[in-house]
Structures are given as C-alpha cells and as structure tokens.
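Undergrad: Fold the following for me, if possible:
(2 chains)
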Amino acid sequence: MTLDGWWTLSAGELTAIKLSLLVATVAMMASLPFGLAISMLLARRDFWGKSVLNGIVHLPLVMPPVVTGYLLLITFGRKGPVGAFLDQHFGIVFSFRWTGAALACALMGFPLMVRAIRLSAESVDKRLEAAAGTLGASPIWVFLTITLPLIVPGIIAGMILSFARSMGEFGATITFVSNIPGETQTLPSAIYTLTQVPGGDAGALRLTAISVIISMAALLLSELLARKAGRSLHAAT
Amino acid sequence: MIEVDVTHRLGTFTLDAKFAAGGRLIALFGHSGSGKTSLINIIAGLIRPERGRVAINGAVLADTARGVFLPPHKRKLGTVFQEGRLFPHLNVRQNLLYGAWFARTARDDANANLSRVAGLLGIEHLLSRYPNRLSGGEMQRVAIGRALLASPKLLLMDEPLASLDEPRKLEIMPYLERLRDEARIPIIYVSHSVAEVARLSDTLVILEAGKVRAAGPTIELMQRLDLIHAAGTGESGALIEAVVESHDYAYGLTLLVSRAGTWRVPRLEAAQGKTVRMQIKARDVMIALEPPASVSALNVIPAVVAEIGPMDEPGVEIKLDCSGEALVARLTRYSVERLSIRVGTPVFAIVKSVSFDRDSLGAAWRDIRAADAGAGGV
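TA: Okay, here's the model as predicted:
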C-alpha cells in the first residue's frame, strides 16, 4: 500500500458522504416542527397520558436500533399498514429509499432533540409570558415573540444533536432500508461495508476521518450559534 | 369606576372582595398575604375567579354568572409587576413598544408616544440598552413606560416599588405622581407601605385576610388607627388638608391654616388660597402635657387624646383630635404610662416634620425632592 493518493476519495465514498449529509439535514429539518411541538407540549401542558407520550418519544433512545429499524420496516415498509397507505394515496415510498434512511435517522435523533428543547422551554420564565399577555399579545404571539426567541439556544442544541445522531445512525437504517450504494448507503454503512471486504481499510479510514471532521464541525458550529443567540439573553441574568 | 365583586380560593386562603371605587389613583392596601396581588391578578385576567364580576367603566371583563371571561390580552389594561418583567431579549425601546404594536398604534403615533413617555419617566438615554444593563429603579421605570404605551384604559401596579431600596423608591415616586397627574389613566396601585399610599392615592381600599375592610377617600381612612394598624407596615401617620394663608419671604416659610390651627412650613410654591395636603408621620409627632415654652419645632398644636392604640407593643399609637382634625403620634408605652395619657387628656402635639405630595408643591417639587427626598423638614 502506498501513500500516493491516500486522501483521494473514490466515487463511491464521495456518494456515501453526500448522501449522509443529505439524510442528516433532511432528518433534522423534518423533525424540527414535530420536536418543537412535542417539547412545548411536554414542557407546558399537563394532560392524561403525558408520561406515556414521553416514554414513546424516548423509546428509540433505549431500544436496540435494530428493533427500531425492524418496527419501521413492518409499519412503513411497502407492505406495512402505514407504508402501503402512503404509497397508494400520496406516492410516498420509504422502504429501500434514502427518504427511509432520513425517517430512521429522524426517529433516532428525536428524543435528543426533544430533550434539549424541552429543558430550555422549562427554563423560560412564565411570568414574562404573562406580562406579554397583559400587553395585548395573544398566546400565539406570546409564543412567537417571547418564548421562541428565548428557547433558540435549546433549539440549536437540539438540531445539532439530531444531526450528529443522524450522521452516526447505523442499526435502524441498515435494518429498515438496507445498504444500497447511492441510495441508502450512508457513511456508517459504507464504513461497515469497507471493513468487510479485503483491502477496504484505507477507504474505511478515510471515511472515519471525514466522519470525525463533520461531527467536530457540527459541534463547533452549534457552540458558535448558541453563543450568538445567547448573548443578549445571557445579559439578562 | 372600577367594580369588583369576586370570591376565589387559593389553597387555604379565600379571597372574598367586593368594592367599587373611582378616582385617579386607587390604592389596594394591606399586609402581605392579604390578597392584594391575587386581586390585581384577577383584574388583569391572569387568575380566573371562581365566582364574581369585574367591570371597568361599565365594561364587563369577567362575570362568572354570565360565563364572561376576557383573556388578559383583550382587556387593554397595563400591568406593572413587582419584578419589572422586562423581556431580556429586547432592548429598552423594543420593550417599550411591545404593547404599542398589539394596540395597533400607528408607527408615527407610537414613536411620538414613546418620546413623550420616555421623557415623562426620564429614560430617554436608556433606549438602546438591554434590561441587564439597567438598575432596579430604571427597570421599574421602563416597565411603567411599557405598560403606559400599550394605551391601557387602566393601569395596574403591583407593588412597583417593593423590590427597590429606599433611595430608588424616592427616585421613582415623583414619576408616579407625574403619571397620576398627567397620563389621565386611572391607576390601581397595590402597596403595603403607608408612606406610598398616603403620598399617592386619593382612594383607598383596605384589604385584610382576603376581605375588604374599608374603602373610601384616603384622607378619611388614613385617620382611623384601627385600619392603618390592620393594613399597613411601618409607619402610620395622618393626612391634613390646609389652605395657603401667606408666604413669609424673609424666613422662607409658608403659613398654612387648617381647622387644627396655623402651620409654618418651609416655603411652598403654591398660590395663596390653594389647598395642600400634608402628611404627618406618627413618629414625627411628640406629645407634651403643658405648652412647651421654648422649643425649636415650629408647629405646636393643641389637641385632645381621642384614641389609644393597642398597648401590647413597646410602641403605641395615639390618635389626637385637633379641633376636628386627626393627628397620630407614636410614643413608647413607657411614655404613655409616665405621662398618664388617657382618652380625653388635653395635650400639645409637637410636629417635627411635615411632608407634601407633589400636587401641593407645583414647580417646587424637584427642589424639595433634592433637599430632603420628598419630605420638607420643619
């Protein structure tokens, strides 16, 4: 093995990196509205079955990823009840597509996102919201002008955690959508494949390095954004 | 006219308050735990009363009998909270304009109002700061401005001075007086401080253990020892209205006449014939059994002991009748016994100091404030 061209990524490896970035970004963005809604619900409302909902949200964190992947397969697969319905009525297919990988990643990152946003929502002083109400702001405006700006640091943290989890997701993805190069072969799957073939070490190492760099960059970016968003808030304490 | 008739339970505490009051500044007065804050929260719409009715100038805000409950954001009431509650992510200007936006004030009007209110409260230089860079007194002034700029029909103030130290209170007090006199918005002011209530309010609602003990003009109620004792902390005192008789330019004094007699006080910027309100704190009144021959105090008023407060504490409050006007003196129990003071004993009240509200002082209020933080010593 020579070091010449060690750093040159093969076409397959490049595809895996791009796919992983796409899947992680889509997973993060798509789960944000749901994550925000569920976090606010858990942080602010008391309702029957709250702990059950909380448990369901956290399930992917405690279950083996393969189990999550398998559950996705039997519900969102083409023959699964939800999957069949979506396919027939909306033409949306998850199984063995990159969209399925995004779904699996979103689900796996969801508890982390909800935890981060919920914690930050719980720390918002409700008396500020009451004050905004007395100044004429309806509940929806109170949320948009007071609550939301105050939980931005939590939202950023939640998004980054979800993104990072997606970049590393392996078990649920490979169980649900398999390991198809160019369609569902994300970074971890590609690394796994490379380690299974003779002479794949160099490629595996390259992808590992890339993976470390992306994770690190995401972490630094979140620090930066949170600090920027928190600057004026911090001032308040 | 504010009409309140509500019942509400909070744990073991029951608020059962009924009153109707008008006036420019209505003080809800009582000890902490008497239900003042709950009452203001009910008026603001932050608490939904279990039973009852709240109406302002005939407009019903809540009426459980008819199932009416207007949410806070539809009530058009400005509320100033004890802790300010400024929005930390907005600067002072944005905080001030927050309510104006929801009141749909046109941009030009809002800006004009902003500079007027900022001027009134002396916060023009703070507009671009964030709340964390404000002192406690500045924060409260911004909070007051923010409530005002929401164009409220009524201003609710929940002990706006309680979290401030004495100098900060005195810093804000004149602004509150200006507000009362210039803003033309009626104010409901929650307080447990006799000094604040005496200085600011024209109408008093006294709360005790969740019930309205009395409601009426401040001057009348302030003279009732039992009420002040039941509701206030710290200092009791009396309010006396007097008419400006003449000015003594040589000595810089003003002569005032009330039923109790003639008063000499540091010169006031008030025209002859004008009625002024004097606040005389109980601790500033001494009692002598004989007319003191040589004493530096300017005001010695003949009086008769009308009422002696509870004798179970070292300090005893004595209500004096000065030809139909009331004064309150705070003596030690030792003195009361040593001088054998009883109801009906003729005495001389030696008044050491008199304070005036801003109404009485006109343009001079600034000087007086500078001289003795609102109290013109005599």
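Undergrad: Can you get me a residue count around the residue in the stretch 151-300 of chain B that chain A sits nearest to?
TA: The nearest approach of the stretch 151-300 of chain B to chain A comes at residue B:156, 8.0 Å away (CB to the nearest CB). To be clear about C-beta, it is placed using only N, CA and C from the backbone, and glycine gets the same treatment. Neighbourhood size, residue B:156 [other CB atoms under 10 Å in any protein chain shown]: 25.
Undergrad: Look up how far residue B:79 lies from it.
TA: 5 Å (CB to CB, to the nearest Å).
Undergrad: Quickly list what's touching both of the two.
TA: Counting by CB atoms under 8 Å, 6 or more residues apart in numbering or on different chains, the contacts common to residue B:156 and residue B:79 are A:134, B:40, B:44, B:147.
Undergrad: Turn the residues you listed into a markdown table, columns for distance to residue B:16, neighbour count and pLDDT.
TA: Output for the shared contacts of residue B:156 and residue B:79, formatted as a markdown table (distance: CB to CB, whole Å; neighbours: other CB atoms under 10 Å in any protein chain shown; pLDDT from 0 to 100):
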| residue | distance to residue B:16 | neighbour count | pLDDT |
| --- | --- | --- | --- |
| A:134 | 24 | 27 | 92 |
| B:40 | 16 | 23 | 91 |
| B:44 | 19 | 24 | 91 |
| B:147 | 28 | 26 | 91 |
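Undergrad: I'd like to know how far the residue positioned nearest the centre of chain A sits from residue A:63.
TA: Geometric centre of chain A, nearest residue: residue A:162, 3.0 Å, by CA atoms, centre = their mean. Using CB to CB, we find residue A:162 at a distance of 17 Å from residue A:63.
Undergrad: now do residue A:87
TA: Relative to residue A:63, residue A:87 is positioned 26 Å away (CB to CB).
Undergrad: Ok, residue A:120 next?
TA: Between residue A:120 and residue A:63 the computed distance is 26 Å (CB to CB).
Undergrad: Which of those two has more residues huddled nearby?
TA: Higher neighbour count among residue A:120 and residue A:63: residue A:120, with 21 against 16, using other CB under 10 Å.
Undergrad: Tally up the residues packed near residue B:110, please.
TA: For residue B:110, the neighbour count with other CB under 10 Å is 18.
Undergrad: One more: the one 4 residues further on?
TA: Using other CB under 10 Å, the number of residues around residue B:114 comes to 19.
Undergrad: if you skip the residues just before and after it, what's nearest to residue A:78?
TA: Leaving out its chain neighbours, the residue that sits closest to residue A:78 by CB to CB, 6 or more residues apart in numbering or on different chains is residue A:95, at 5.1 Å.
Undergrad: In contact with the one you found, which residues are there?
TA: Contacts of residue A:95 (CB under 8 Å, 6+ apart): A:73, A:76-78, A:83, A:176-177.
Undergrad: Closest one to chain B out of those, please.
TA: Proximity of these to chain B (CB to the nearest CB) peaks at residue A:76, which lies at 39.9 Å.
Undergrad: Which pLDDT does the model give residue B:376?
TA: Among the per-residue scores, residue B:376 shows a pLDDT of 37.
Undergrad: do residue B:309 as well
TA: Residue B:309 carries a pLDDT value of 82.
Undergrad: Report the separation between it and residue B:282.
TA: Going from residue B:309 to residue B:282 by CB to CB gives 9 Å.
Undergrad: now do residue A:228
TA: 57 Å.
Undergrad: In three-state terms, label residue B:189 for me.
TA: Secondary structure state of residue B:189, per DSSP: H, G, I helix; E, B strand; the rest coil, is strand.
Undergrad: What residues are bridge-paired with it?
TA: Counting by DSSP bridges, residue B:189 is bridged to residue B:27, residue B:157.
Undergrad: Equivalent analysis for residue B:243, please.
TA: Beta-bridge partners for residue B:243, by DSSP bridges, are residue B:257, residue B:275.
Undergrad: Would you confirm that it contacts residue B:256?
TA: Yes: with contact defined as CB atoms under 8 Å, residue B:243 counts as touching residue B:256 (6.7 Å).
Undergrad: Looking at the two, which has the bigger crowd around it?
TA: Between residue B:243 and residue B:256, residue B:256 has the larger neighbour count (other CB under 10 Å), namely 27 against 14.
Undergrad: So for the more buried one, what pLDDT did the model give?
TA: 89.
Undergrad: Enumerate the positions of the worst-scoring helix or strand of chain A on mean pLDDT that are buried.
TA: Every helix and strand in chain A was compared by mean pLDDT, DSSP states H and E; the lowest is helix A:201-234, with a mean of 82. Under the neighbour-count criterion of 16 or more other CB atoms under 10 Å in any protein chain shown, helix A:201-234 has A:203-204, A:206-207, A:210-211, A:214, A:218, A:222, A:225-226, A:229-230, A:232-233 buried.
Undergrad: hmm, back to that, now name the helix or strand holding the residue nearest to the centre of chain A.
TA: helix A:148-168 (DSSP states H and E).
Undergrad: Next: residue B:85.
TA: Per DSSP H and E, there is no helix or strand for residue B:85.
Undergrad: likewise residue B:185?
TA: When elements are assigned from DSSP H and E, residue B:185 belongs to no helix and no strand.
Undergrad: secondary structure class for the closest residue to it other than its chain neighbours?
TA: Using CB to CB, 6+ apart and skipping residues adjacent in sequence, the residue nearest residue B:185 is residue B:155, 5.2 Å away. Residue B:155 falls in the strand class when you classify it by three-state DSSP.
Undergrad: Kindly report the same for residue B:16.
TA: Residue B:16 ends up strand, using three-state DSSP.
Undergrad: Run through the bridge partners of it.
TA: Note on residue B:16: beta-bridge partners by DSSP bridges are residue B:7, residue B:211.
Undergrad: returning to what we had before: which ones are touching the residue nearest to residue B:185?
TA: B:77-80, B:147-148, B:179, B:183, B:185-188.
Undergrad: hmm, try it at 6 Å
TA: Going by CB atoms under 6 Å, 6 or more residues apart in numbering or on different chains, residue B:155 touches B:78, B:147, B:185, B:187.
Undergrad: Neighbour-wise, which one of the residues you listed leads?
TA: residue B:78 (29 neighbours).
Undergrad: could you measure that one against residue A:214, distance?
TA: From residue B:78 across to residue A:214, the span is 51 Å (CB to CB).
Undergrad: Show me which residues of the stretch 151-300 of chain B sit near chain A.
TA: Residues of the stretch 151-300 of chain B lying close to chain A (CB under 6 Å from any CB of the partner chain): none.
Undergrad: where in the stretch 151-300 of chain B is pLDDT low?
TA: The model of the stretch 151-300 of chain B has pLDDT under 70 over residues B:223-235.
Undergrad: all helices of the chain, in order?
TA: Just so you know, I chose chain A. Here chain A has its helices, by DSSP state H, at A:11-44, A:50-62, A:65-76, A:81-90, A:98-122, A:126-134, A:139-142, A:148-168, A:171-177, A:187-196, A:201-234.
Undergrad: wait, I meant chain B there
TA: Using DSSP H, the helices of chain B run over residues B:36-44, B:92-102, B:107-121, B:136-149, B:166-182, B:194-200, B:218-222, B:225-231, B:333-338, B:358-361, B:365-372.
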